[in-house]
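In: Requesting a structural model of the entry that follows:
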Amino acid sequence: MAPKFPNCMKIAHQIGDRRIDRVLHEVFSREMKAYRDEQKNYNERIEEILVRVEERHGIIAEMKKFVGGMFWMKLWLI
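Out: Numbering: from 1, shown residues only. Here you go, the predicted structure:
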């Protein structure tokens, strides 16, 4: 008969301990590590996007100063 929780059995075999508290601890620690890595990547992407937005706002401000307001309005409507 196949085990009801094959992933838990696989982890139990990997860590060399079949006690349920140890297996669950390993499962949760792996999930937490994966979540931390994903959160770190997400935060890095958000920071890059915010830097790009700030840079583009600076470019737009410079264009407004250089060209003037009326031209910018026409450019914005295009």
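
In: can you tell me which helix in the chain is longest?
Out: In the chain, ranked by residue count with DSSP state H as the criterion, the top helix is helix 20-67.

In: what's the neighbour count on Ala12?
Out: By other C-beta atoms under 10 Å, 19 other residues sit near Ala12. For every residue, glycine as well, the C-beta is placed using N, CA and C.

In: and it, how far is that from Lys33?
Out: 18 Å (C-beta to C-beta, to the nearest Å).

In: So for stretch 58-73, mean pLDDT?
Out: Averaging pLDDT along stretch 58-73 yields 72.

In: swap in stretch 17-26?
Out: For stretch 17-26, mean pLDDT rounds to 82.

In: residues of it that come out buried?
Out: The neighbour-count check on stretch 17-26 (16 or more other C-beta atoms under 10 Å) flags Val23, Glu26 as buried.

In: Tell me which residues are up against that stretch.
Out: Cys8, Ile11, Ala12, Gln14, Ile15 (C-beta atoms under 8 Å, 6 or more residues apart in numbering).
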